[in-house]
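Asks: heads up, no residue letters with this:
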């Protein structure tokens with residue numbers, strides 16, 4: 001009887017598993033949301049709101065329930081320079097395609113003049129270049145594939161000419177753009193469209209300095225909304241799915257960025273059988289000399305290059321008789337103005 005019971009249990013389990021497979025949603029998109037978010041959270045710090053928006057966007061796309069007559073997603077990322085707005089797009093491309101550069105990037109500051117707006121849509125018939133249908137857009141990167149969305153970045157969108165903004169409005173409205181010659185059409189309906197801008201960043205920072213306190217979320221939203229309405233027409237703003245204001249980098253995020261740069265440098269040093277470590281005092285010096293709230297992580301990277309990468313490169317280029325694994329250990333100098341390095345045995 002036990003044999004029969006085991007058989008019945010087996011078939012019951014098989015039926016349940018078969019039903020579960022049938023009920024499981026099958027998406028045409030092959031990316032894994034959990035993997036993407038895990039990668040991003042390891043590389044972007046202090047931007048929880050942006051991370052939540054990206055995760056929700058990926059869920060909508062994966063479920064394939066977004067409006068099929070416009071781009072899959074239209075986001076506007078606001079905030080100061082060096083806080084991760086563009087880096088998120090690179091990481092998204094890396095996670096989906098395995099290549100950080102696998103997206104179509106349009107630098108809108110190059111389209112500030114009406115004269116250059118044709119670079120986006122192609123030269124009109126009869127003008128030089130009209131037959132070639134030359135445009136800044138990369139069709140393959142925009143349209144992606146059946147299983148992977150295309151990714152488009154409009155960087156510093158506030159600097160674009162009004163004619164360019166009208167072109168974007170047409171893309172946002174129906175997900176298509178016909179090149180001026182009329183022979184080619186670009187399809188954005190399988191595209192993730194992200195715009196970046198520094199709109200309102202200066203005003204928010206100035207107000208914070210004047211009031212001598214940290215950023216107030218309600219006041220920040222008010223400033224952002226006012227600056228957006230000054231810059232763009234209501235019909236443009238209404239077609240954006242998410243307007244996300246990135247946070248200024250705090251002390252905790254800054255320390256995480258330094259650790260991230262150190263890990264990156266260690267990977268490069270492995271080929272030389274070397275590694276690198278910094279004392280807490282050395283890390284604090286980089287923060288003191290390199291962090292500027294106005295310039296974010298970019299100023300910090302410049303300080304890391306000056307105080308760490310250049311001295312380490314100098315040590316690598318010196319002849320060393322040791323073939324053992326060594327660590328370049330950096331500590332603050334006696335005058336507290338630089339970081340001095342010395343070689344130590346690993347695990348010493």
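Replies: Ah, there it is. Note that this is a predicted model, so its numbers are computed, not measured.
Asks: switch to C-alpha atoms for all contacts and neighbour counts from now on
Replies: OK.
Asks: sec struct for residue 289, please.
Replies: helix (DSSP: H, G, I helix; E, B strand; the rest coil).
Asks: ok, it - contacts?
Replies: Neighbouring residues of residue 289 by Cα atoms under 8 Å, 6 or more residues apart in numbering: residue 303.
Asks: how far away is the residue positioned nearest the centre of the chain from residue 45?
Replies: Centroid-nearest residue in the chain: residue 88, 1.3 Å away (criterion: Cα atoms, centre = their mean). Noted for residue 88: a distance of 11 Å to residue 45, by Cα to Cα, to the nearest Å.
Asks: also residue 274?
Replies: Taking Cα to Cα, one finds residue 274 at 28 Å from residue 45.
Asks: please apply the same query to residue 316.
Replies: Distance from residue 316 to residue 45, by Cα to Cα: 31 Å.
Asks: comparing these two, which residue is more hemmed in?
Replies: Shown here are residue 316 and residue 45; by other Cα atoms under 10 Å, residue 45 has more neighbours (20 against 14).
Asks: which pLDDT value goes with the residue nearest to the centre of the chain?
Replies: pLDDT, residue 88: 94.
Asks: quick check on it: phi, psi?
Replies: When read as degrees, to the nearest 10, the backbone of residue 88 gives phi -60, psi -40.
Asks: now residue 324: which helix or strand?
Replies: Residue 324 belongs to no helix or strand when elements are defined using DSSP states H and E.
Asks: residue contacts, it?
Replies: Here residue 324 is in contact with 273, 345 (Cα under 8 Å, 6+ apart).
Asks: where exactly do the strands run in the stretch 151-300 of the chain?
Replies: Under the criterion DSSP state E, counting those that start in this stretch, strands of the stretch 151-300 of the chain are mapped to 176-178, 185-187, 191-197, 242-245, 274-278.
Asks: those: which one's closest to residue 226?
Replies: strand 242-245 (13.1 Å; Cα to Cα).
Asks: which residues sit against the closest one?
Replies: 49-50, 53, 74-79.
Asks: ok so, going back, how about TSV for the strands of the stretch 151-300 of the chain, with distance to residue 220, mean pLDDT and mean neighbour count added?
Replies: Shown next, in TSV, are these (distance: least, Cα to Cα, whole Å; pLDDT from 0 to 100; neighbours: other Cα atoms under 10 Å):
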stretch	distance to residue 220	mean pLDDT	mean neighbour count
strand 176-178	34	89	17
strand 185-187	35	91	18
strand 191-197	15	96	23
strand 242-245	9	92	20
strand 274-278	37	94	21
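Asks: could you dump these to CSV with distance to residue 236?
Replies: Shown next, in CSV, are the strands of the stretch 151-300 of the chain (distance: least, Cα to Cα, whole Å):
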stretch, distance to residue 236
strand 176-178, 16
strand 185-187, 19
strand 191-197, 12
strand 242-245, 12
strand 274-278, 48
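Asks: so for residue 93, which of those strands sits nearest?
Replies: Per Cα to Cα, nearest to residue 93 of those: strand 191-197, 10.4 Å.
Asks: what packs against the closest one?
Replies: strand 73-78, helix 85-97, strand 150-155 (3 or more Cα pairs under 8 Å, 6 or more residues apart in numbering; DSSP states H and E).
Asks: could you check the angle the last one makes with helix 85-97?
Replies: Inter-element angle recorded for strand 150-155 and helix 85-97: 170 degrees (by axes from the mean of the first three to the mean of the last three Cα atoms, to 10 degrees).
Asks: how much does strand 150-155 deviate in direction from strand 73-78?
Replies: Using the same axes, to 10 degrees: strand 150-155 against strand 73-78 is 30 degrees.
Asks: could you list the low-pLDDT ranges of the stretch 1-150 of the chain?
Replies: 1-25, 114-118, 121-134 (pLDDT under 70).
Asks: going along the chain, name the helices of it.
Replies: Secondary structure of the stretch 1-150 of the chain (DSSP state H, counting those that start in this stretch): helices located at 2-23, 33-43, 48-63, 85-97, 118-121, 139-143.
Asks: show me how far the fourth one is from its chain's centre.
Replies: Okay, so that is helix 85-97. Relative to its parent chain, helix 85-97 has a centroid offset of 5 Å by Cα atoms, centre = their mean, to the nearest Å.
Asks: tell me the buried residues in that helix?
Replies: Using 16 or more other Cα atoms under 10 Å as the test for burial, helix 85-97 gives 85-86, 88-97.
Asks: and for the third one?
Replies: Buried positions in helix 48-63, judged by neighbour count with 16+ other Cα under 10 Å: 50-51, 53-54, 57-58, 61-62.
Asks: re the thing from before, could you export the helices and strands packed on strand 191-197 to CSV, including columns for distance to residue 174?
Replies: Listed next are the helices and strands packed on strand 191-197 as CSV, based on distance: least, Cα to Cα, whole Å:
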stretch, distance to residue 174
strand 73-78, 12
helix 85-97, 23
strand 150-155, 16
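Asks: residue 200 is nearest to which of these?
Replies: That would be strand 73-78 among the helices and strands packed on strand 191-197, by Cα to Cα, at 8.0 Å.
Asks: make a markdown table out of the contacts of strand 242-245 and add distance to residue 328.
Replies: Shown next, in a markdown table, are the contacts of strand 242-245 (distance: Cα to Cα, whole Å):
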| residue | distance to residue 328 |
| --- | --- |
| 49 | 38 |
| 50 | 36 |
| 53 | 40 |
| 74 | 46 |
| 75 | 43 |
| 76 | 42 |
| 77 | 39 |
| 78 | 39 |
| 79 | 37 |
